[in-house]
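**Student:** I would like to see how this sequence folds:
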Amino acid sequence: MKFYIHTWGCQMNVYDSERLADLLTANGYEEVSEAESADIILLNTCAVRENAKEKIYHQLGRWKELKKANPRMIIGVGGCVASADGEEIFRRAPEVDIVFGPQTMHLVPGMIEKVLAGGGRQIDISFPELEKFNILPPIARGAPSAYVTITEGCSNFCTYCIVPFTRGPVVSRTVREIMEEVQRDVDSGVREIHLLGQNVNEFAGLNEDGSESSLAELLYKVSAVEGVGRIRFTTSNPKDLNDETIAAIGELPKIASHIHLPVQSGSDRILALMNRPYTAESYLEKVGKLRAARPGISISSDFIVGFPGETDDDFEETVTLADQVGFDQSFSFVYSPRPGTRAAAMKDPETLENKKERLYCLQKHLTASADSISLLMKGTEQVILVDAHAKKDPDGHSYQGRTENNRIVNFRSDKDLIGEFARVRIDEVLPHSLTGSIIEGN
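**Tutor:** Numbering: from 1, shown residues only. Predicted coordinates:
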């Protein structure tokens, strides 16, 4: 049977979908690139924003027509919406046969077999912690960059966030498990390792002797693996970014000169309402330490505009902080209430129109900052990881790759450099990418 996986959400969802594909392939199923060709359609979902959740049900409605044409087709929903909605998915989308959570995706092959055997709808949205990592097969993908999950879940309970309810409390994989996965990735041709967690700074995986490892200690271990050329880690809660990790960023050249450090708001009052236990001042102090440890480091962030109770003054403090830091390619959204979170019950007198005006204002500042960083890159030499041929490649000699601060660079080369690092001089800055010239000696 043929399967198709559609993914919405964060990098952890992307990782989960890739591993689920590996698992299904190992169980004899064949992956296809479009839903219309599949016997099994799986949707890996995100519940962070309300409109994303509604998009999921609209998508299921479209797939309902495919199932009418192929009654034996199996449709499954996984991820955070599955954890949040559970049995409700069957009610709203009767065409769905399987519902599974982020921690139970390893059970999907068995659930499929039960449906095929006439066992009816299947659901498991429990939290068996790290059980899935003991069952998932070795990674079968040899892409230049690979995600490696180091923690699952979150225990911070920010008042706007549903993740602790959909992924469970934070748990860390053992150092041995992580290092074995990193080594397998490198052996398959991976050059860039991207460590993942809802809050990687909470990592406390056990060493062989039973002691706990910090994120910084793990970074040193991964950096020591021969063949690893670049390391990234996402996401970092500012409250847990400590001096030890900042020192590792300064001392380990393999760590990309970029960090995603979500601030959410520049108002101390709003941060307290969000249950983000840091202040604008302490955030700026950590930014200063990062830039002292790694001069030129690129910093991106997340922002929530229009959180319940946010005033014009609160918003102006956010804009001020954004201008002070000079963020690179950040993400910003109007607050979206999630049922079951504390913020959903907070009084929210501001109109959506006013919130959208604030978002537009903030995004103008963020875009100007990111654009200025791009312009400063013109004429510089960048080390990029070449990951594919360019989208426009008339003769097979155009390639693309990413800089340390995640800019896409298109360039030409007579040598096939996919999967390798290349030194490129930036020649032109375009709205969504850069163009460059290969530097002799690659």
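**Student:** Check which residues of stretch 262-276 are buried.
**Tutor:** Going by neighbour count (16 or more other CB atoms under 10 Å), the buried part of stretch 262-276 is 262-268, 270-271, 273-274, 276. Every C-beta, even on glycine, is put in place using the N, C-alpha and C of the backbone.
**Student:** from those, which ones fall inside helices?
**Tutor:** Using DSSP state H, the members of the buried residues of stretch 262-276 that fall in helices are 268, 270-271, 273.
**Student:** Contact partners for G229?
**Tutor:** Going by CB atoms under 8 Å, 6 or more residues apart in numbering, G229 touches 191-192, 254, 385, 421.
**Student:** what do you get if the cut-off is 10 Å, keeping everything else the same?
**Tutor:** Residues counted as contacts of G229 (CB atoms under 10 Å, 6 or more residues apart in numbering) are 144-145, 186, 190-193, 254, 383, 385, 420-421.
**Student:** what pLDDT does it get?
**Tutor:** Here, the pLDDT recorded for G229 equals 97.
**Student:** before we move on, what about E129?
**Tutor:** At E129, the pLDDT value in this model is 69.
**Student:** likewise the one 3 residues further on?
**Tutor:** According to the model's per-residue confidence, K132 sits at a pLDDT of 72.
**Student:** give me the number of residues near the nearest residue to it once chain neighbours are set aside?
**Tutor:** Among residues not flanking K132 along the chain, H106 sits closest, at 4.0 Å (CB to CB, 6 or more residues apart in numbering). Per other CB atoms under 10 Å, the neighbour tally for H106 reads 19.
**Student:** Look up how far P431 lies from the spatially most distant residue from the centre of the chain.
**Tutor:** Distance from the C-alpha centroid of the chain, by CA atoms, centre = their mean, peaks at G118 (36.5 Å). Using CB to CB, to the nearest Å, G118 is found at 54 Å from P431.
**Student:** Might you report the residue contacts of the nearest residue to N242 once chain neighbours are set aside?
**Tutor:** Nearest non-adjacent residue to N242, counting by CB to CB, 6+ apart: N201, 7.2 Å away. Applying CB under 10 Å, 6+ apart to N201 gives the contacts 151, 214-216, 233, 235-242, 245, 261.
**Student:** From those, list just the buried residues.
**Tutor:** The neighbour count (16+ other CB under 10 Å) marks 151, 214-216, 233, 235-241, 245, 261 as buried among the contacts of N201.
**Student:** would you list those in JSON lines and tack on pLDDT, secondary structure and distance to D313?
**Tutor:** Below are the buried ones among the contacts of N201 laid out as JSON lines (pLDDT from 0 to 100; DSSP: H, G, I helix; E, B strand; the rest coil; distance: CB to CB, whole Å):
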{"residue": "T151", "pLDDT": "94", "secondary structure": "strand", "distance to D313": "36"}
{"residue": "S214", "pLDDT": "97", "secondary structure": "coil", "distance to D313": "38"}
{"residue": "L215", "pLDDT": "98", "secondary structure": "helix", "distance to D313": "35"}
{"residue": "A216", "pLDDT": "98", "secondary structure": "helix", "distance to D313": "37"}
{"residue": "F233", "pLDDT": "97", "secondary structure": "strand", "distance to D313": "34"}
{"residue": "T235", "pLDDT": "90", "secondary structure": "coil", "distance to D313": "28"}
{"residue": "S236", "pLDDT": "93", "secondary structure": "coil", "distance to D313": "28"}
{"residue": "N237", "pLDDT": "95", "secondary structure": "coil", "distance to D313": "25"}
{"residue": "P238", "pLDDT": "97", "secondary structure": "helix", "distance to D313": "22"}
{"residue": "K239", "pLDDT": "95", "secondary structure": "helix", "distance to D313": "24"}
{"residue": "D240", "pLDDT": "95", "secondary structure": "helix", "distance to D313": "28"}
{"residue": "L241", "pLDDT": "97", "secondary structure": "coil", "distance to D313": "27"}
{"residue": "T245", "pLDDT": "98", "secondary structure": "helix", "distance to D313": "33"}
{"residue": "L261", "pLDDT": "97", "secondary structure": "coil", "distance to D313": "24"}
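**Student:** In TSV: the residues you listed, plus distance to I89.
**Tutor:** Below are the buried ones among the contacts of N201 laid out as TSV (distance: CB to CB, whole Å):
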residue	distance to I89
T151	27
S214	39
L215	35
A216	40
F233	32
T235	27
S236	32
N237	30
P238	35
K239	34
D240	33
L241	36
T245	39
L261	34
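**Student:** T341: which of the residues you listed is nearest?
**Tutor:** Closest to T341 out of these is N237 (16.8 Å), distances taken as CB to CB.
**Student:** Give me the nearest residue to the closest one, chain neighbours excluded.
**Tutor:** N199 (4.5 Å).
**Student:** which residues touch that neighbour?
**Tutor:** Each residue near N199 by CB under 10 Å, 6+ apart is listed here: 151, 153-156, 163, 170, 215, 234-237, 239-241, 262.
**Student:** hmm, try it at 7 Å
**Tutor:** N199 sits next to 154, 156, 170, 235, 237, 240 when contact means CB atoms under 7 Å, 6 or more residues apart in numbering.
**Student:** ok but I75 is inside a strand, no?
**Tutor:** Yes. Residue state for I75 (DSSP: H, G, I helix; E, B strand; the rest coil) corresponds to a strand.
**Student:** Next, count neighbours for it.
**Tutor:** By other CB under 10 Å, the residues close to I75 number 21.
**Student:** Show me the beta-bridge partners of it.
**Tutor:** Beta-bridge partners recorded for I75 (DSSP bridges): I41.
**Student:** separation between the residue nearest to K55 when sequence neighbours are not counted and K68?
**Tutor:** Leaving aside its chain neighbours, K55 sits nearest to W8 (7.2 Å; criterion: CB to CB, 6+ apart). Relative to K68, W8 is positioned 24 Å away (CB to CB).
**Student:** Now do the buried residues in stretch 18-38.
**Tutor:** Quick answer for stretch 18-38 (16+ other CB under 10 Å): 18-24, 29, 32, 35, 38.
**Student:** Contacts for that stretch, please.
**Tutor:** In this structure, residues lying in contact with stretch 18-38 by CB under 7 Å, 6+ apart are 1-6, 40-42, 63, 66, 105-106, 108-109, 136-137, 139-141.
**Student:** and the end-to-end length of that stretch?
**Tutor:** Stretch 18-38 has an end-to-end distance of 17 Å (CA to CA, to the nearest Å).
**Student:** And the average pLDDT for that stretch is what?
**Tutor:** In the prediction, stretch 18-38 has an average pLDDT of 93.
**Student:** Renumber starting at 28 from here on
**Tutor:** Yep, numbering from 28; the last one is stretch 45-65 now.
**Student:** Quick check: mean pLDDT of the helix ranked longest in the chain?
**Tutor:** Counting residues, the longest helix found in the chain (DSSP H) is helix 379-404. The pLDDT scores in helix 379-404 average 97.
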